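Asker: dropping the sequence and predicted coords here.
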Protein chains: 2
Amino acid sequence: MQTVNLAEKFSKFQDYCKPRLIGEVNDFQVKAVKLKGEFLWHHHEAEDELFLVVKGTLRMKFRGHEAVVREGEFVIVPHGVEHLPVADEEVHIVLLEPKSTLNTGNISNERTVSQIERI
Amino acid sequence: MQTVNLAEKFSKFQDYCKPRLIGEVNDFQVKAVKLKGEFLWHHHEAEDELFLVVKGTLRMKFRGHEAVVREGEFVIVPHGVEHLPVADEEVHIVLLEPKSTLNTGNISNERTVSQIERI
């Protein structure tokens, strides 16, 4: 039962779009990810995703509208909903999602992280 | 897909030990709770619980040791593990746990919240 310090976890990596595992709660995972620029349009067949912003501002685009998520705010993307995470400047995000969640959802390409690193 | 502001949610209630529902992620719930003083020793048969501190300091007592959880930190309490949340001063906590989780776990008393309010 170790205390996890979010800032300390985010200091352990510098790359973007590559989530790290920082906790497990039953069949859910807690991940830390840095984002800068546009990710890609995708959806998850079965998994909802919570994006909690701990530094910076995330623009979560949906077809037809956009949620602006600032430090101390979160947005939940329901399964089946297409979304495009965009970060004009670097943003630090804590993800809460079922462990079956792939970062690129229904898309499989060079940005897909199939083996998540625990830090 | 509304953005949820944590500070705004915590401004909506003042009482202690009574979690409010602020989000749902598949079969998990996100809750906001304020704590001051000692809660009670309990455990959860099946549910792990994540406690993320967004204001103040939480002391999570276990049998034999204690985790001190400060702002920007979290602790995960695995199912089956007895714990006693203690807040010497008011602390604001975001809980992430399966929706089957009762706040008092295996204990049923006047502090048990069986119907959670959504705010």
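Answerer: Received it, and whenever you're ready, just let me know what you need.

Asker: please report the distance of A:Val75 from A:Ile22.
Answerer: A:Val75 is 19 Å from A:Ile22, where distance means CB to CB, to the nearest Å. Heads up, the C-betas are built off the backbone N, CA and C, glycines and all.

Asker: stretch A:72-81 vs chain B: in contact?
Answerer: Yes. Counting by CB under 8 Å from any CB of the partner chain, chain B has neighbours in stretch A:72-81: A:Gly72, A:Glu73, A:Phe74, A:Val75, A:Ile76, A:Val77, A:Pro78, A:His79, A:Val81.

Asker: contacts for that stretch?
Answerer: For stretch A:72-81, the external contacting residues (CB atoms under 8 Å, 6 or more residues apart in numbering or on different chains) are A:43-54, A:58, A:60, A:62, A:67, A:69, A:83, B:1-7, B:23-26, B:30, B:54.

Asker: give the buried residues for it.
Answerer: Under the neighbour-count criterion of 16 or more other CB atoms under 10 Å in any protein chain shown, stretch A:72-81 has A:Glu73, A:Phe74, A:Val75, A:Ile76, A:Val77, A:His79 buried.

Asker: just those residues: which are in helices?
Answerer: Among the buried residues of stretch A:72-81, DSSP state H puts none in helices.

Asker: contacts only, for A:Leu52.
Answerer: By CB under 8 Å, 6+ apart, the contact set of A:Leu52 is A:Glu73, A:Phe74, A:Ile93, A:Val94, A:Leu95, A:Leu96.

Asker: re earlier: in the residues of stretch A:72-81 next to chain B, find the pair that's most separated.
Answerer: Greatest spacing in these, by CB to CB: A:Gly72 and A:His79 (25.1 Å).

Asker: which residues of chain A lie near chain B?
Answerer: A:1-7, A:23-26, A:28, A:30, A:46-50, A:54, A:60, A:62, A:65, A:67-70, A:72-79, A:81, A:96-98.

Asker: just the buried ones from those, in ChimeraX syntax?
Answerer: Filtering these down to the buried ones (16+ other CB under 10 Å) takes a single ChimeraX command:
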select /A:3,4,5,6,23,25,26,28,30,47,48,49,50,54,60,67,69,73,74,75,76,77,79,96,97,98
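
Asker: find the nearest non-adjacent residue to the most centrally placed residue in chain A, please.
Answerer: Residue closest to the average C-alpha location in chain A (CA atoms, centre = their mean): A:Leu95, at 4.5 Å. Leaving aside its chain neighbours, A:Leu95 sits nearest to A:Lys31 (4.2 Å; criterion: CB to CB, 6 or more residues apart in numbering or on different chains).

Asker: neighbouring strands - and their directions - for the worst-scoring helix or strand of chain A on mean pLDDT?
Answerer: Least confident helix or strand of chain A, by mean pLDDT, DSSP states H and E, is strand A:117-118 with a mean of 95. Sheet partners assigned to strand A:117-118 using DSSP bridges are listed as strand A:20-25 (parallel).

Asker: what's downstream of the strand it pairs with, the next helix or strand?
Answerer: Sequence order places strand A:28-38 as the next helix or strand after strand A:20-25, per DSSP states H and E.

Asker: got the CA coordinates for that next one in CSV?
Answerer: Listed next in CSV are the C-alpha coordinates belonging to strand A:28-38 (Å, rounded to 0.1, in the frame of the first residue of the first chain):
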residue,chain,number,x,y,z
PHE,A,28,-9.2,-1.2,-14.1
GLN,A,29,-5.9,0.5,-14.7
VAL,A,30,-4.6,3.9,-13.8
LYS,A,31,-2.2,5.3,-16.4
ALA,A,32,-0.1,8.4,-16.8
VAL,A,33,0.4,9.8,-20.3
LYS,A,34,1.9,13.0,-21.7
LEU,A,35,0.3,14.4,-24.9
LYS,A,36,1.4,17.1,-27.2
GLY,A,37,-0.1,17.7,-30.6
GLU,A,38,-3.0,15.7,-32.1
